[in-house]
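Q: A structural model of the following input is requested.
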Amino acid sequence: MTQETVTANDSLIPAQPLAERAQEFAERVHEMLDGRPKDEATVAQAFDGMDEIFDRIAAGLYSIASMLVGEGEDSIGLVEKAVATADIAACTDPVEARKSSRLALCAAALDLLADRDAASLAAPQGLEHAAGCIGDDELDAAGVSSAELEQMIAGPERHRVRNWLESLPTEMRAVFVLRAVAAFTTPETTALLQAHGGPQASGWGEDAVREIFRQGLCSLASQVLHAAHR
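A: Below you'll find the predicted structure:
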């Protein structure tokens, strides 16, 4: 059976569907930004029935935050900060709003990781292509489909991936989550690391991000194969 190829430029997890009323919510928020004063009743009416949207946004952000910095209060704080600082209200497109909130969240998470350990996100020096690993577009050659990888990351066995992520070096975990879970491109991931990875992160380049991500994919593929043969 032919398997779907996963490249180092793909998101491993397809974008989760937005709530049915997400577009309506975005339009309501944008209409509120007309420069006119609003009383409490008007604001309450505009946001009536939108709790589902807020809950889904917060849950998605918390999942990404916890993968980057761990479960608990730090991740909750990152979600609160992202919601407070992301330019969501200016986005008429809910997809853009989701990306804006993820950008704010991941930037704050990298800042936190750098504060914990200034060297943890340092740009790699002398990084070499790992021998015996898959190529940039050859994950299927390892006998693993993107569907299997998605199941590992988002399915009922996701605790295995959580444990795996916690075992990774900080820079590999960060690159993997930014690329595979938050769905940022290689250039976007590189820019985030350079800007928020601390004083030793300015040397990150796109080639290094691709290689670290590829090594992360190799490691995850090994996890999938190991689980399949247990």
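Q: return the set of buried residues in stretch 191-200.
A: Using 16 or more other C-beta atoms under 10 Å as the burial criterion, the residues of stretch 191-200 that qualify are A191, L192, L193, Q194, H196, G197, G198. Any C-beta I mention is one placed from the backbone N, CA and C, and that applies to glycine too.
Q: quick check on the residue found closest to S66 once you drop the neighbours it is linked to in the chain: phi, psi?
A: Leaving aside its chain neighbours, S66 sits nearest to S75 (4.5 Å; criterion: C-beta to C-beta, 6 or more residues apart in numbering). In terms of degrees, to the nearest 10, the main-chain angles of S75 are phi -70, psi -40.
Q: from A59, how far out is S75?
A: 11 Å (C-beta to C-beta, to the nearest Å).
Q: more neighbours, these two?
A: Neighbours per residue, other C-beta atoms under 10 Å: of S75 and A59, the larger number sits with S75, 22 against 11.
Q: and that one, how far from V83?
A: Where V83 is concerned, S75 sits at a distance of 13 Å (C-beta to C-beta).
Q: can you list the weak-confidence ranges in the chain?
A: 1-55, 86-94, 130-155, 157, 223-230 (pLDDT under 70).
Q: domains in it, as residue ranges please.
A: 22-116, 139-228 (automatic domain parsing).
Q: show me the contacts for V83.
A: Counting by C-beta atoms under 8 Å, 6 or more residues apart in numbering, V83 makes contact with I57, A58, L61, S101.
Q: so where does the first one fall, helix or strand?
A: For I57, the enclosing helix or strand under DSSP states H and E is helix 51-69.
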